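K.L.:
need coordinates for the following:
(chains A and B)
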Amino acid sequence: MKSRFLLALLVVTAVTRIAAAPATLTATVKDAKGAPVTDAVVSLIPLEAAAPPPAEAPGEVAQELQEFLPYVTVVQAGTKVAFPNRDSVQHHVYSLSKAKKFELPLYSPGQKESLVFESTGLVTLGCNIHDWMIAYLLVVPTPWYAKTDAQGLTSVTAPAGRYRVEVWHPRLSAALVQEITLRSAETLPRDFNLTLKPDRRIRRAGAAKSGGYR
Amino acid sequence: MAAPLFRFRRFSTRLLVIVLGLLAAALLSTYLLVTKANLDNAIAHIESRLAADVKVFRASIDFRKRFFAEGAKVVSRDWPIRTLYLQPQLDLKTLRTTIESYAARLNAPVFATFDVDGVMLATTNDRLTNEACGPFRHLIQKAGENDWEQNSDFGYLEGKLNVMIVVPLYAPEPNIIGWFGIAFPIDDQFARDLKETTQTEVTFTSGLTEESKRVLATTLPPDLAQQVAVQAPSELKADGQAMVTNLGTERYVTLYAPLELLGEDPARITLQRSLEAELAPARRLEQTMLFILLAALLAASLVALAVARGVSQPLQQLADHTKLVAAGDYTRRIELPREDEIGQLATAFNHMTAGLAERDRVRDLLGKVVSPEIATQLLQSDLKLGGEEREVTILFCDLRDFTTFSEKLPPTEVLALLNRYLDRMSAIIEQHGGVIDKYIGDAIMALFGAPVAAPDAPGRAIAAARDMARALDLLNRELSAEGKPALAFGIGINTARVVAGNMGSKTRLNYTVIGDGVNLASRLEGLTKDPAYGTPIIVSEATLDAMQERPAARELGEVKVKGKDQAVKIYALSAKGESRPPYAL
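P.N.:
The predicted model follows:
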């Protein structure tokens, strides 16, 4: 009997140790037509424990060839984000979003400005002198997030536990929210289907859309 | 056959009425057709122009909308407004002054800003409350739902018709942080501007029911504009309704076209063009045409009158002339120096008159040469050879010893005396219905019952013979008074069936009788020379038999006539009817 009890104890210990091991959410994001959605952000917001503070690594939204790069950036709240100008012309980066209103008045190629983003939420970035330039900086309260690739695939690895999954995309009216529970060392596949608005980014060099609107 | 409506007593009236009637009908129908075509053309022309004017109106609205939308788009990307929005708290007072400067830049009558939900933040029009901005909110909501770059429509602001445009405020596009709204009123000034371009009377009205119909803006005086609003049809048709309406004293072609509205009291644009103005050139043409028409009628009446007179006057002349001819005056001639039918008629008439005169003269002469009865029969019937058998009483009368008598007197006196004698005898014969067949020297051959049959021909012959005897008595008394010798004659009368008719050659004919009966009459006359009979008048039994009432006559016996086997009984007839000879000269 004793040995059986010990065995049971061992099993419980083993389970507890396994629970401490990270789990993985593999997400497949598709639009209403079943096409893969790239640049969708999947973030896991822990529901049971506080999220750990952000790592030291700063985010970056660069300006190259009169475009922001990358188009979508995700950082944890409290992260410092750099806005390096790697272009041949000046830029004037601004945001009028509630999460952070700021401007980086005209700065020259080679210069690099940095800001710390404390509030969570969407920060829509624009350039005051280049109307077509747009980028999204999503500030999330968690270190566990990822962006989908061209195949609409991504994976987030986080400790086991209950999470709120938020799937966001620039062409989504509101983020898609789900609750999931990740088990230790387990890989949880999930499909997300998004209803996206049409792509309304304007084309450069006066090739703006004309007609089709009232 | 129905009686004619009018009887024309004069040819000229008839011609005038017919010519003028036909001409007037033709010209009047032409005039009316042209007038109607002009009117139809004018209406169709105005309608097509009004349809084009509506397009001009819509294009002008679209142009202004695009202008304001593009302008708003430009100013929405203005940095100053972004710097305002960069501030933690939006400064509405400063925002108000900013959009004032934008309104001035675009020359926009009304400029307003709204937040993303359509709540009005600031406006250049202080009377415009957030509640009054419903139409703007409606446009913003619709544009947001459909992700439109702009939205616009007609709508009412403070009860006045406006065109409203909303454009989003991007930071950057397509990230919307608010909205700009611009409105320009459809007011009298707008209507006047449109009239300037289209030369059309423009009225904007609202309402489909009698109570709600009102004028929104117009180029017309208020009372006329109200009339337009009231005359507007009760239902809206997408492509508008064109009609001819009276406005004041003038006729207008009116086009009612609907305006797109935000589900509010429907409005429409009414475009009007004066029909009279459009018709003015046509009216001038019609007036000229009317003038030419009347001139043509006048000219036609004059020509018709002239023609009528040209016909009726010579006809009247001919009629008068005919009366003269009928009265027996053949001396007149009509002088009409014309080559046409009337001239030919006059010439023919003159020929006819001449012909009549000739015939009359011939008849006159014929009457002298032959007896009137024969002349009449000759003139009435075709002259032809041959004759008919009929019963005729033949009277032969010959003077006694006229040869010896004529030797005692000069020839002219002989002829005068002979003519005097023959004239009286002939008159008596004709008085009794006898016909002088011919004179054979001093002898007379007369017929009774030919050429015109008479039932009492024998009686007439005998009466004539007696009268001739008395007339001779009278003549002898005159002659003795004149110292001239007395005359004596013998008369033979016979009644027989003989052949009567025209005899002679084809060119020369005589009406006469031939046959044994004629010879007998001549023989009886010859017998009167015989003193044994002692009578100047010998009648055959045939004559007495043929009479209804046989007169007293003395039988003289029978004579054998040459060529006849049978003897003929003869009788002596006294001059006064007695059987004894009454006279002794």
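
K.L.:
pretty sure A:L47 sits against A:E179.
P.N.:
Yes: at 7.2 Å, A:L47 counts as touching A:E179 under the criterion of C-beta atoms under 8 Å. Backbone N, C-alpha and C define where each C-beta goes, glycine included.

K.L.:
my guess is B:L409 contacts B:A416. True?
P.N.:
No: the pair B:L409 / B:A416 is not scored as a contact, 9.2 Å apart, by C-beta under 8 Å.

K.L.:
now chain A against chain B: closest residue?
P.N.:
Going by C-beta to the nearest C-beta, chain B is nearest to A:G126 of chain A, at 3.2 Å.

K.L.:
quick check: closest non-adjacent residue to that residue.
P.N.:
Sequence neighbours aside, B:P172 is the residue nearest to A:G126 in space, at 3.2 Å (criterion: C-beta to C-beta, 6 or more residues apart in numbering or on different chains).

K.L.:
for the one you found, what are its contacts?
P.N.:
For B:P172, the contact set (C-beta atoms under 8 Å, 6 or more residues apart in numbering or on different chains) comprises A:124-127, A:131-134.

K.L.:
out of those residues, which are buried?
P.N.:
Using 16 or more other C-beta atoms under 10 Å in any protein chain shown as the burial test, those include A:124-127, A:132-134 as buried.

K.L.:
so of those, which ones are in strands?
P.N.:
Counting by DSSP state E, the part of the buried ones among the contacts of B:P172 found in strands is A:124-127, A:132-134.

K.L.:
coming back round to it: which residues do B:L409 and B:A416 both contact?
P.N.:
In contact with both B:L409 and B:A416: no residue, using C-beta under 8 Å, 6+ apart.

K.L.:
near chain A, which residues of chain B are found?
P.N.:
Within chain B, the positions near chain A by C-beta under 8 Å from any C-beta of the partner chain are B:77, B:79, B:82-83, B:85-88, B:143, B:147-152, B:171-175, B:177.

K.L.:
show me what the helix or strand harbouring B:A461 is packed against.
P.N.:
Assigned by DSSP states H and E, B:A461 belongs to helix B:457-482. Where contact means 3 or more C-beta pairs under 8 Å, 6 or more residues apart in numbering or on different chains; DSSP states H and E, helix B:457-482 is packed against strand B:386-399, helix B:411-431, strand B:443-448, strand B:489-504, strand B:537-540, helix B:541-546.

K.L.:
make JSON lines out of these and add mean pLDDT and distance to B:T123.
P.N.:
Shown next, in JSON lines, are these (pLDDT from 0 to 100; distance: least, C-beta to C-beta, whole Å):
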{"stretch": "strand B:386-399", "mean pLDDT": "86", "distance to B:T123": "137"}
{"stretch": "helix B:411-431", "mean pLDDT": "88", "distance to B:T123": "140"}
{"stretch": "strand B:443-448", "mean pLDDT": "91", "distance to B:T123": "144"}
{"stretch": "strand B:489-504", "mean pLDDT": "87", "distance to B:T123": "136"}
{"stretch": "strand B:537-540", "mean pLDDT": "88", "distance to B:T123": "157"}
{"stretch": "helix B:541-546", "mean pLDDT": "86", "distance to B:T123": "149"}
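
K.L.:
out of these, which one sits most buried?
P.N.:
For the helices and strands packed on helix B:457-482, the largest average neighbour count (mean count of other C-beta atoms under 10 Å in any protein chain shown) is found in strand B:537-540, namely a mean of 28.

K.L.:
was I right about B:F57 contacting B:I269?
P.N.:
Yes: if you go by C-beta under 8 Å, B:F57 and B:I269 touch, sitting 6.0 Å apart.

K.L.:
neighbour count winner among those two?
P.N.:
Neighbour comparison, B:F57 and B:I269: the larger count goes to B:I269, with 26 against 23 (by other C-beta atoms under 10 Å in any protein chain shown).

K.L.:
what's near enough to touch that one?
P.N.:
So B:I269 contacts B:54, B:57, B:202-204, B:256-257, B:259 (C-beta under 8 Å, 6+ apart).

K.L.:
now, of these, which are buried?
P.N.:
B:54, B:57, B:202-204, B:256-257, B:259.

K.L.:
inside strands: which ones of these?
P.N.:
Cross-referencing the buried ones among the contacts of B:I269 against strands under DSSP E gives B:202-204, B:256-257.

K.L.:
just name the closest of these to chain A, please.
P.N.:
Closest approach to chain A among those (C-beta to the nearest C-beta): B:A257, at 19.8 Å.

K.L.:
that older thread, most widely separated two among the buried ones among the contacts of B:P172?
P.N.:
The largest separation in the buried ones among the contacts of B:P172, counting by C-beta to C-beta, is between A:T124 and A:W132 at 13.7 Å.

K.L.:
where along chain B do the helices fall?
P.N.:
B:11-76, B:79-86, B:92-106, B:134-146, B:188-198, B:222-231, B:275-326, B:341-369, B:372-380, B:402-407, B:411-431, B:457-482, B:516-527, B:541-546 (DSSP state H).

K.L.:
same question for chain A.
P.N.:
Counting by DSSP H, the helices of chain A are A:2-19.

K.L.:
and it, which of its residues are near chain B?
P.N.:
Of all the residues in chain A, those lying near chain B are A:94-97, A:101-103, A:124-128, A:131-134, A:197-198, A:200-202, A:209, A:213-214, going by C-beta under 8 Å from any C-beta.

K.L.:
where does the record place the domain boundaries for chain B?
P.N.:
Using automatic domain parsing, the domain ranges for chain B come out as B:11-309, B:328-368, B:385-572.

K.L.:
ignore what I typed, I meant chain A.
P.N.:
Split into domains by automatic domain parsing, chain A comes to A:23-51+A:143-199, A:54-141.

K.L.:
who are the neighbours in contact with B:V202?
P.N.:
Listed by C-beta under 8 Å, 6+ apart, the contact partners of B:V202 are B:57, B:191-192, B:194-195, B:217-219, B:269-272.

K.L.:
which one of those is nearest to B:S29?
P.N.:
Closest approach between the contacts of B:V202 and B:S29, by C-beta to C-beta: B:Q272, at 32.3 Å.

K.L.:
count of neighbours near that closest one?
P.N.:
24.
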